[in-house]
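Chemist: Sequence plus the predicted model coming up.
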Amino acid sequence: MRVVLDTNVVVSALIWGGKPMVLLEAAAEGNVRLFTSAALLAELREVLARPHLAAKLERQSSSVDRALTHYTGLANSVTPDATPRVVPTDADDDHVIAAAVTARADLIVTGDSDLLTIGTHRGIAILTPAAALTRLGT
């Protein structure tokens, strides 16, 4: 199954673990294929570099760079040709949609209500981490 994780899910996995981490573990085991883009990776770097999150990573004997390296080792990067306006309430979320369309993803996994409200886009289901794990049978 081809999956794009929204930045909030990746941050949650890397900082707190839980269900989002199970998705990263599924990718590490080869049970799902993760996809990302330069825009999503830049956003991930910016979020992880926020002082309270960077400090949390340091307490876990990690760093922003190590966390990014770990994630980029699991995810395939795609380059969308365009980022059309899809999410009317948050233009940043359009990058998630653009990456998923380019990757021919089956799922977008997010905790973002703006994306979850859409439900599907061009046949790509938009689910919470818990719902995605149920769909994946994990």
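Modeler: Cool, got the structure. Numbers count the residues shown, from 1 in each chain.

Chemist: Let's test this: mean pLDDT of stretch 59-79, rounded?
Modeler: For stretch 59-79, the mean pLDDT works out to 97.

Chemist: should've said stretch 115-135
Modeler: For stretch 115-135, the per-residue pLDDT averages 96.

Chemist: So what would you say the end-to-end distance of stretch 52-67 is?
Modeler: This stretch, stretch 52-67, spans 15 Å end to end (CA to CA, to the nearest Å).

Chemist: And the contacts of that stretch?
Modeler: Residues outside stretch 52-67 that contact it (CB atoms under 8 Å, 6 or more residues apart in numbering) are 11, 14, 15, 45, 47, 48, 49. The C-beta positions use only the backbone N, C-alpha and C, and glycine is treated the same way.

Chemist: Show me what counts as buried in that stretch.
Modeler: Residues 53, 54, 56, 57, 62, 64, 67 are the ones in stretch 52-67 that count as buried (16 or more other CB atoms under 10 Å).

Chemist: again with stretch 106-117
Modeler: 106, 107, 108, 109, 110, 111, 112, 115.

Chemist: I'd like to know which of those residues is nearest to residue 27.
Modeler: Taking CB to CB as the measure, residue 27 lies nearest residue 109 of the buried residues of stretch 106-117, at 11.1 Å.
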